[in-house]
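> What follows is a protein structure lacking sequence information:
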């Protein structure tokens, strides 16, 4: 808790991650079942 990590494009992200800088699209299909990428930003 409280750790900051840098994630490059095409890497997996933790389910409880919070974006503090930058933006990207995330595949949330393991959680929501929908295979459409969702935009994430600060």
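Arrived safely, thanks for sending. Keep in mind it's a predicted model, so treat the numbers as computed, not measured. Numbering: from 1, shown residues only.
> And for stretch 23-36, what's in contact with it?
Outside stretch 23-36, the residues that touch it by C-beta atoms under 8 Å, 6 or more residues apart in numbering are 9, 13, 15, 37-42. Where C-beta positions appear, they are placed from N, C-alpha and C, glycine not excepted.
> Output those residues in JSON lines, with secondary structure appended to each entry.
Formatted as JSON lines, these follow (DSSP: H, G, I helix; E, B strand; the rest coil):
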{"residue": "9", "secondary structure": "coil"}
{"residue": "13", "secondary structure": "coil"}
{"residue": "15", "secondary structure": "coil"}
{"residue": "37", "secondary structure": "coil"}
{"residue": "38", "secondary structure": "strand"}
{"residue": "39", "secondary structure": "strand"}
{"residue": "40", "secondary structure": "strand"}
{"residue": "41", "secondary structure": "strand"}
{"residue": "42", "secondary structure": "coil"}
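> quick one: secondary structure of the closest residue to residue 39 other than its chain neighbours?
Excluding its sequence neighbours, the residue lying closest to residue 39 (C-beta to C-beta, 6 or more residues apart in numbering) is residue 25, at 5.4 Å. Assigned by three-state DSSP, the conformation of residue 25 is strand.
> Just give me the neighbour total for residue 25.
11 (other C-beta atoms under 10 Å).
> Tell me how far it lies from residue 34.
Using C-beta to C-beta, to the nearest Å, residue 25 is found at 13 Å from residue 34.
> Tally up the residues packed near residue 27, please.
By other C-beta under 10 Å, 14 other residues sit near residue 27.
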